[in-house]
Structures are given as C-alpha cells and as structure tokens.
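Participant: Provided below are the primary sequence and the corresponding predicted coordinates.
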Amino acid sequence: MTSGADASDTAADVPPFRYNARLADRIETGWQDRWEREGTFNSPNPSGPLSDGFDRVAIRDHTYILDMFPYPSGAGLHVGHPLGYIGTDVYARYRRMRGDNVLHTMGFDAFGLPAEQRAVETGQHPRVSTYDNIEIFLRQLRRLGLGHDERRRVNTTDPEFYKWTQWIFLQIFNAWYDPDLAKARPIADLIAEFDAGTRAPTAEANQSGAPWAELSDVDKRRVVDNYRLAYRSEAMVNWAPGLGTVVANEEVIDGRSERGNFPVFRKPLMQWMMRITAYADRLLADLDHIDWPDKVRAMQRNWIGRSTGAHVAFASPAGAIEVFTTRPDTLFGATYVVVAPEHPMVDSLTAAEWPEGIAASWTGGAATPTEAVDAYRLASSRRSDLDRQAGDRVKTGVFTGSHAVNPVTGSALPVFIADYVLMGYGTGAIMAVPGQDERDWEFAEVFDLPIVRTVAPPEGWEGKAFTGDGPAINSSREGLSLDGLDVTAAKAAMIEWLEAQGSGRGAVTYRLRDWLFARQRYWGEPIPILYDDSGLPVSLPESMLPLELPETDQFAPVSFEPDDAASTPEPPLGRLTDWVEVELDLGDGPKKYRRETNTMPQWAGSCWYELRYLDPTNTERLIDPEVEHYWMGPSADRPLGGVELYVGGVEHAVLHLLYARFWHKVLYDLGHLSSAEPFHRLVNQGMLQLPAYTNAEGFYVPAAEVVETEGRFTWNDVAVNQEFGKIGKSLKNVVGPDEFISEYGVDTFRLFEMFSGPLEQSRPWDAKAIVGPYRLLQRIWRVVVDENTGEVHVSDDAVPDELNRLLHKAIHAVREGYETLRFNTSIARITELNNAVTHAYPDGGTPREIAESLVLMLAPLAPHVAEELWSRLGHESSLAWTQFPVVDESLLVDDTVEVPVQVNGKLRAVITVAADSDAAAMEAAARADEKVAAALDGHETRRVIAVPGRLVNFVV
C-alpha cells in the first residue's frame with residue numbers, strides 16, 4: 001500500500017481547488033446519490049411495470065450486459081472482484097452513450113454451504129448472515145459507482161425468486177425428451193400417446209413387459225417417471241458419515257473429507273437427477289453459434305465427451321458383459337476385462353474358489369474370490385472418482401475368478417475389478433487393450449498380463465502403449481482381416497463384423513453424466529415434490545409455490561460414527577415432522593403426503609437468474625414473452641439469442657454454463673422463451689495476482705505483515721519467499737478496495753484496475769502504480785477547472801487544426817478500445833490527448849469543444865469526476881445518456897507525414913512531406929534537406945529508393 005498521495009495535497013502551498021481524495025469523495029458520493037435519486041440507470045422494458053420511459057428509447061438499439069453474480073461472503077470484496085464488475089460497467093456506460101438502451105444490474109447467488117456452516121457453528125440462522133453480507137456487498141458495489149438498475153436486483157434466497165426456481169423444476173419434472181423431434185415436450189403428451197396407442201413404452205422404461213393398457217395406475221406412473229427430465233435414481237456419491245453429508249469429489253483427499261478429515265465412502269444413494277444427457281448433441285452443436293472463447297468451448301466439448309464406437313458383448317458365466325469402446329479396431333488385442341467395483345454384475349461374476357495356478361498378485365492375499373472382492377470394494381469405496389483417475393497412482397485390482405470370451409478371438413479373458421474403471425462412464429466395464437492404452441498397459445505390467453499390439457507404432461518407437469494412428473497388425477481371423485487398414489477403416493470393418501455376428505453394435509456415447517440434483521442440506525431451495533402412499537413422486541401444484549423453507553434452529557444434518565459406511569443421509573429438513581408430513585387436497589380429496597427433504601444444489605438459482613433480471617416484479621409468470629424477446633430474442637448477429645455480453649471467471653467454464661444452457665433449452669422447447677441460448681458472448685476476465693509469502697516450511701504467512709527491506713522480505717523478523725498468486729484466503733494475501741478508494745477516490749481505483757491490462761488478461765497488482773491514474777485525473781481536472789479559483793477556464797475558441805486532428809484520432813482509438821474491451825488502450829489515448837492539450841494550453845483556455853470531448857471520453861472509466869466536470873461546463877443533466885464523441889473520418893488521414901531519409905542505409909534526416917507525395921516529390925524534398933545534401937555532396941548517386949509515405953534511401 002502506498003501512502004502520502006492525499007497528504008501531499010494538504011500542504012499549505014497546494015491550490016485550494018485541486019482534485020484530491022477529499023474532493024473526489026464529495027464528488028463521488030454526491031453523484032451516486034443523484035444517480036439513485038433520478039434513476040439514471042433505469043432501463044425501461046417494452047411492456048409491464050418497468051416500462052416507464054420506453055417511448056424515449058423504443059427506436060434505440062438495446063444491449064444486455066451481465067456479470068456472473070457473486071456469492072455474498074462475509075469478507076466482502078477484495079481488489080480482484082471489481083475487475084470484471086468495473087469492466088462491464090465501463091462497457092455499459094459506453095454503449096449507453098453510444099445510444100443503446102442498456103440493461104445492467106447485479107444480484108446475489110446467496111444459498112450455499114458457507115452460510116450454513118456458520119449457522120451450525122453459531123446457531124444463528126443462515127438468513128441473518130446472508131442478508132448481513134449482502135448489505136456489505138451493496139455498500140461496496142455502490143461505492144464503486146456501478147451504473148446498475150437497482151430495481152432489478154435479485155437474491156436467490158428470496159421466496160419470490162425461488163418460487164420461480166421451483167416452478168422451473170416442475171417444468172422439467174413434467175417434461176420428457178422426444179427423440180423423434182429432438183426436443184422436450186410436456187409429459188402429458190407422452191401419456192396421451194401411450195393411451196392412444198400411437199407410442200409404446202420402451203422395454204427399458206417398462207420392465208414388466210406388459211402392454212400399457214394392462215398396467216396398473218401405479219405401474220403406469222413408474223413407466224412415466226422413467227421418461228421425466230427430472231427423476232429419481234440411485235447414484236454413486238461420496239458419503240462421509242462423520243459429517244452426515246455427501247461431499248463433492250473435489251472435497252475428498254486420500255479417501256477422507258477435506259473438512260473434518262472423516263472417512264469417505266462411495267455408495268449408491270437414491271438421488272434426484274436431471275437428464276441433461278438428452279441434450280448432449282444440442283449442447284455440442286450450438287457451441288458453434290455462440291461467441292465464446294475457444295478455450296471454454298473446448299472445455300465444454302471435452303466435458304460432454306461425445307465418442308463414436310461400439311458396444312461389444314463378452315460372454316461370461318454370469319451373462320454377457322457389455323463394454324463400450326471407442327476403438328473396436330483393437331479387439332484382437334483385448335487380453336483381459338475390467339469391471340468397476342460398483343458394477344451390478346460383480347457379485348455374480350465372483351467365483352466361489354480360486355482357479356488352480358493363478359498368480360498370487362491376482363488374489364489380493366485373500367483365501368477366496370469373495371473375500372478379495374469384498375475387501376477391494378470397501379477400499380475403493382473410500383476413494384473419490386478424482387483419486388481413482390489420478391494418472392500417477394499404481395494400478396490396483398483383484399481377479400473375480402471368472403473369465404469372459406473375446407468375441408473376435410474366442411480367447412477366455414480373466415475378469416478383474418479395478419477402481420481405475422468408473423461406473424459412471426460408459427457401461428462400467430472395459431475391454432483392456434494394453435498395447436494401445438496407457439492405463440491398461442500399466443495394469444498389465446502390475447498383474448503380468450499379455451500385451452498384444454494391434455496398431456503398428458512408427459519405426460524407432462521405444463515407448464510402451466501406442467495410442468496414435470497407424471496400420472492394423474495382428475488383427476486377422478477367418479472371415480475378418482483388418483491388417484494394413486488405418487484406424488478409421490479398421491473401426492468400420494470391425495463394427496460391420498460385430499453387427500453381422502450379433503456380438504456388438506455401433507454406437508455413440510458421451511462422457512457427460514446426468515446431473516445429480518439434490519443436497520442433504522438446509523440452506524437451499526426446497527424441492528417442490530410430495531410422495532404419496534405409493535412412494536412415487538407427485539409435483540406440488542403451482543398454486544402452492546413458493547414452498548418456503550421452514551424455520552428451525554437445527555441446521556446440521558445428522559452425523560454418524562465415522563466408519564459407519566452402512567448409514568444413509570438424514571437431511572436437516574427430515575427432522576421437521578410437522579413440515580414433512582402434510583395432508584393436502586391436490587384435486588382428488590385430502591390425502592397424506594410426505595415432502596422431499598433434500599434441497600436443490602447451489603447451481604439452481606444461477607441457472608436462470610439472467611431471466612429474472614428482465615422481469616423481476618412479475619408475480620404471474622416466469623417472464624413476459626415480449627420482455628424476454630426484446631432483451632434476449634434471436635437477431636441477425638445472435639442467431640440463437642442470449643445476453644450480448646456475459647463476463648465472469650473461467651472457473652465456471654463448464655458446470656455453471658452447461659447447466660444454465662440445459663435449463664434454458666428446456667424452457668425454450670416448452671415455449672417459454674424465444675432464445676435457445678442464455679449467453680451469446682462470453683468473456684472471461686483475468687485475475688489480479690498479488691504477492692504471497694511462504695516461510696521455510698512452505699506455509700503462507702499474512703502478506704499484510706511482511707516487511708520489505710532492500711529487496712528482502714521478512715515476517716516477524718524471519719525471511720520469507722515472495723510469489724504471485726490469485727487473491728484468496730488460502731494464500732493470505734487478500735487486499736480490500738476500501739483503503740485505496742479512501743486514499744485516492746473510486747475513479748482513480750477504477751482507472752487503475754482498467755489500465756493494468758486487457759480485461760481478459762491476468763496481471764500482477766502493483767499498488768504503487770495507482771499514483772499514475774491519480775495524477776492523470778488531476779491533470780484532466782486542471783484542463784477544465786482553475787485550481788486556484790475553482791472557476792471553469794475553458795474558451796470558446798476554435799480548435800487548432802493540428803490539435804483537432806489529434807482529437808479525432810483519439811476519439812477513434814478510444815471508441816475502438818471500448819468496443820474491444822481493451823480499456824487500457826483507451827486510457828493511453830486519453831492520456832496522450834490530455835498531455836497535448838496541457839502542453840498547448842498550460843494556463844487554461846482550452847477550447848470548449850476539445851475539453852467536452854475529453855470529459856465525455858473519460859466518462860465510462862471515471863464517471864464521477866466526468867459528471868462533475870460536465871456539470872461545471874454548464875450542463876444540467878447527467879452525461880450518462882449524452883452522445884459519445886463522433887469521429888470525423890476525414891481528420892484521421894494526415895495532411896503530412898514524416899519520412900526518414902537514408903544514405904546507404906544510414907539515417908541522415910527526417911523530412912516532412914505531403915501525405916500524397918509520389919516518389920519524385922519525396923526525392924526532391926529529400927535532396928533539398930541540408931543534412932541530406934551534405935551527405936550526397938561529392939558522391940555519385942547510383943540508385944534512389946523512394947517508397948511513398950515510408951522512406952527515401954540514396955545508394956551512392
């Protein structure tokens with residue numbers, strides 16, 4: 001932290017009307033009050049209660065600019081948070097001055113675990129800390145001078161907000177995906193088709209096999225539930241009995257919970273799921289029609305993981321083991337089979353006794369296959385999916401005692417269980433081809449299994465598994481020969497053979513799994529589902545929404561003995577018997593029901609908040625169709641519609657964006673929206689990197705307490721090492737914006753954050769450099785205001801030609817910087833223009849035209865001081881809606897240019913010539929220069945190279 005900037009401005013010889021932190025504070029708070037009082041940034045809708053003033057903007061373009069909304073933590077903002085918020089504000093202010101009706105606001109993603117944990121520790125309801133934190137954020141956001149439409153703020157914990165989150169859940173629950181039309185439809189349509197006989201349930205959905213008409217009402221409901229986009233199913237979760245909760249993969253370290261260090265077990269639990277996999281192809285295809293960073297689109301494609309290949313059946317004593325492989329061409333090289341420890345066939349595959357002659361390493365040291373398998377399954381249940389997939393782990397597994405038949409070679413392959421195979425991917429079983437797969441090779445080495453190459457590596461290959469392309473080898477049998485074919489041709493030939501033999505079929509699969517949509521928490525949206533005496537789910541009528549969270553003082557889930565793997569979650573809501581057990585009349589008389597006791601995950605509110613901003617006071621419907629179409633509907637440059645600009649961190653590149661796109665597409669299919677995508681243009685802002693310090697043991701120490709002396713850093717008189725990293729509590733380098741704003745003013749802080757680099761670029765935070773933007777604002781202030789008298793000292797004189805040309809070049813460059821979000825270049829050009837003005841008019845008298853243009857160009861970046869200067873220049877209204885300066889294109893072309901003149905390649909002079917001078921005129925002007933003439937004197941000129949507008953070179 002620097003110091004003394006404001007102190008130097010309080011000295012006795014400092015002019016009384018100099019721009020300093022005290023004056024900035026008065027200006028900034030005054031204009032923030034006025035903006036709020038006048039509703040300066042209120043953006044009118046085309047219809048509804050927020051439509052006042054729309055007649056004034058109806059013919060304007062409109063722009064929707066959105067930030068990823070924050071979670072209101074108790075610590076408030078640090079200096080890294082405002083980077084994106086200020087960036088979108090600068091762009092929004094510029095677009096408004098360019099003539100657009102701009103929608104820009106911000107709300108709070110306020111459900112979440114931190115508030116609940118605090119409630120468990122303190123006994124204070126999480127609502128209290130959440131709303132206290134929101135007040136802190138609101139104060140800080142206001143102080144930043146952000147031009148938000150305050151009327152549109154939302155809070156995901158507000159029942160009037162989550163009423164519609166619950167409503168969307170019911171839309172998804174009461175919908176199914178029609179593969180024939182490739183879209184969601186109401187579940188009532190499906191039931192009508194079943195009743196009419198125009199569609200029959202699939203065998204997978206109707207496992208009884210009986211005709212639809214012969215099914216009981218309860219069995220029909222079970223069939224229909226198998227089609228719903230929101231459904232209940234067993235899912236593998238990380239269960240921590242000691243915590244009483246399910247934890248995310250990222251929260252499991254070496255088989256134990258990050259919080260509390262409790263054992264974690266993988267086990268199947270009945271959970272709410274969302275059938276996002278039905279939308280996999282559309283989620284992929286539509287990435288080509290939105291303006292997102294290539295990196296983020298690649299991350300989404302990889303997460304969805306579309307793969308073409310084949311399902312292959314390996315016969316075994318327990319029945320056919322089905323695997324999916326993207327490389328059916330390598331079947332000749334399959335030498336063993338692996339199933340996930342959770343695979344439903346494990347029990348039936350496990351033999352009673354070990355076959356004779358097997359290696360000891362295959363048994364895990366157990367006397368029987370059953371003992372080996374049981375012990376291995378328990379051990380693997382303690383590992384998260386991330387841990388099991390770690391590439392540096394030694395491969396483990398045990399033999400089941402059974403074999404499966406390779407349908408191509410006829411060989412009997414040993415069947416192992418191993419935790420590097422996950423039940424959640426593919427079929428939960430793989431054919432292992434160690435010659436072409438690195439993980440399989442590692443496993444084969446550990447267990448001394450055969451390795452057969454089926455693709456020829458390039459000459460000189462010295463590696464192990466070869467995963468590249470090449471001609472097939474060792475891949476022939478009677479009636480089938482792949483040898484010599486490339487991978488693509490070999491795949492096609494193998495799939496054709498498998499289908500002809502009835503041993504497999506070509507298929508497309510996805511890495512994407514259905515979304516687990518339930519948490520055993522209190523502080524979340526209640527799921528609007530009831531269970532009747534059949535145990536099947538029933539949707540709560542829309543008229544009963546919102547289903548509000550009941551009051552309680554017991555926020556923690558029930559915990560168990562840490563090693564009680566057989567226990568199951570008991571959510572906090574389950575204790576509230578009077579709330580859970582209810583008698584309701586849903587149209588067929590009073591009946592008893594049991595409410596769902598899980599709550600929604602934190603993702604729920606962030607899946608649709610951009611829609612609520614548009615129509616936040618609507619109590620009758622999710623959104624007015626006219627309002628949604630106006631702000632987000634498709635257009636020529638946005639074929640799928642969506643927000644014009646969405647700014648947020650790359651850490652949300654996959655899940656938040658994927659889930660939000662899924663919900664949006666369901667609502668689009670059901671006719672509630674005109675836009676098929678929620679976010680057309682995405683920009684990931686960079687992060688500020690602050691110094692962090694570690695001691696000799698590698699632990700971080702508080703950065704604020706580190707002392708720098710002659711390039712050395714110490715903490716409590718002990719040497720520490722400096723590094724740069726993302727701002728955060730873990731690195732103990734959090735710095736808040738308040739102290740900088742107090743010492744320099746918020747406009748200086750805004751300029752400083754925007755000048756440090758392009759919005760997308762991460763950059764180090766150098767607190768000392770904030771003095772530069774501070775001095776720039778002081779110089780611009782002096783262009784308009786006399787520091788000694790406080791009077792405006794601009795003139796009505798015409799702008800000199802040279803300065804006028806510089807002005808319009810600056811306008812052109814500043815506009816381009818704003819358009820491309822390269823605000824640092826806009827600041828550089830404003831600085832350059834201001835320096836020229838100050839040099840030309842050191843004692844005041846700047847022409848009004850150039851002074852006003854300078855103020856207007858500065859306004860998006862430093863709006864408070866710009867508003868103040870605009871007002872002092874005689875304008876009564878805010879400049880927020882004033883037209884941004886327009887370029888005179890004719891002034892962008894120079895009348896003259898400076899051209900270097902060389903003799904034998906050595907610079908002798910720089911001459912000024914008319915911009916349209918031809919080669920002959922340039923040569924003549926060069927020869928007329930005294931320095932050039934002296935260099936040519938006495939020499940024979942062999943050649944003259946004259947490039948118009950560029951250079952003249954005499955070869956002598």
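Facilitator: Cool, got the structure. Residues are numbered from 1 along each chain as shown.
Participant: tell me how many other residues crowd the closest residue to residue 884 other than its chain neighbours.
Facilitator: Distances taken as Cβ to Cβ, 6 or more residues apart in numbering put residue 97 closest to residue 884, at 4.0 Å, once the chain neighbours are dropped. In short, each C-beta sits where N, CA and C put it, glycine included. Other residues lying near residue 97 total 21 when counted by other Cβ atoms under 10 Å.
Participant: if I look at residue 97, how far off is residue 858?
Facilitator: To residue 858, residue 97 is 11 Å away according to Cβ to Cβ, to the nearest Å.
Participant: and for residue 845?
Facilitator: Distance from residue 845 to residue 858, by Cβ to Cβ: 20 Å.
Participant: and these two? Which one has more around it.
Facilitator: Taking neighbours as other Cβ under 10 Å, residue 845 and residue 858 compare with residue 858 leading, 24 against 12.
Participant: that one contacts residue 833, correct?
Facilitator: No. Shown here, residue 858 and residue 833 do not form a contact pair, counting by Cβ atoms under 8 Å, at 10.0 Å.
Participant: in the stretch 1-150 of the chain, which spans are helices?
Facilitator: Counting by DSSP state H, counting those that start in this stretch, one finds helices in the stretch 1-150 of the chain at the ranges 21-38, 54-57, 82-97, 113-122, 126-143.
Participant: just give the nearest non-adjacent residue to the residue nearest to the spatial centre of the chain, would you?
Facilitator: In the chain, the residue lying closest to the centroid (Cα atoms, centre = their mean) is residue 652, at 2.4 Å. With Cβ to Cβ, 6+ apart as the criterion, residue 652 has its nearest non-adjacent residue at 6.2 Å, and that residue is residue 68.
Participant: give me the neighbour count for the one you found.
Facilitator: Other residues close to residue 68 by other Cβ under 10 Å number 23.
Participant: what's near enough to touch residue 178?
Facilitator: 184-185, 189-190 (Cβ atoms under 8 Å, 6 or more residues apart in numbering).
Participant: equivalent analysis for residue 319, please.
Facilitator: Taking Cβ under 8 Å, 6+ apart as the test, what residue 319 contacts is 345, 348.
Participant: what's the helix or strand for it?
Facilitator: Per DSSP states H and E, residue 319 falls between elements, in no helix or strand.
Participant: ok, residue 582 next?
Facilitator: strand 581-585.
Participant: what of residue 297?
Facilitator: helix 294-304.
Participant: residue 785 and residue 871, how far apart?
Facilitator: 11 Å.
Participant: these two - which one has more neighbours?
Facilitator: Of the pair residue 785 and residue 871, residue 785 is the one with more neighbours under other Cβ under 10 Å, namely 23 against 17.
Participant: quickly list what that one is bridged to.
Facilitator: Judged by DSSP bridges, the bridge partners of residue 785 are residue 792.
Participant: ok, it - contacts?
Facilitator: With Cβ under 8 Å, 6+ apart, residue 785 has these contacts: 17, 19, 791-793, 869, 872.
Participant: out of these, give me the one that has the most neighbours.
Facilitator: Neighbour max across those (other Cβ under 10 Å) = residue 869, 28 neighbours.
Participant: if we can go back for a sec, closest to residue 305 out of the contacts of residue 785?
Facilitator: residue 869 (55.2 Å; Cβ to Cβ).
Participant: what's the helix or strand for that closest one?
Facilitator: Going by DSSP H and E, residue 869 is part of helix 863-872.
Participant: what about the helices in the stretch 401-550 of the chain?
Facilitator: 438-447, 487-501.
Participant: now for the first one, which elements pack on it?
Facilitator: Helices and strands touching helix 438-447, by 3 or more Cβ pairs under 8 Å, 6 or more residues apart in numbering; DSSP states H and E, are strand 336-339, strand 429-432.
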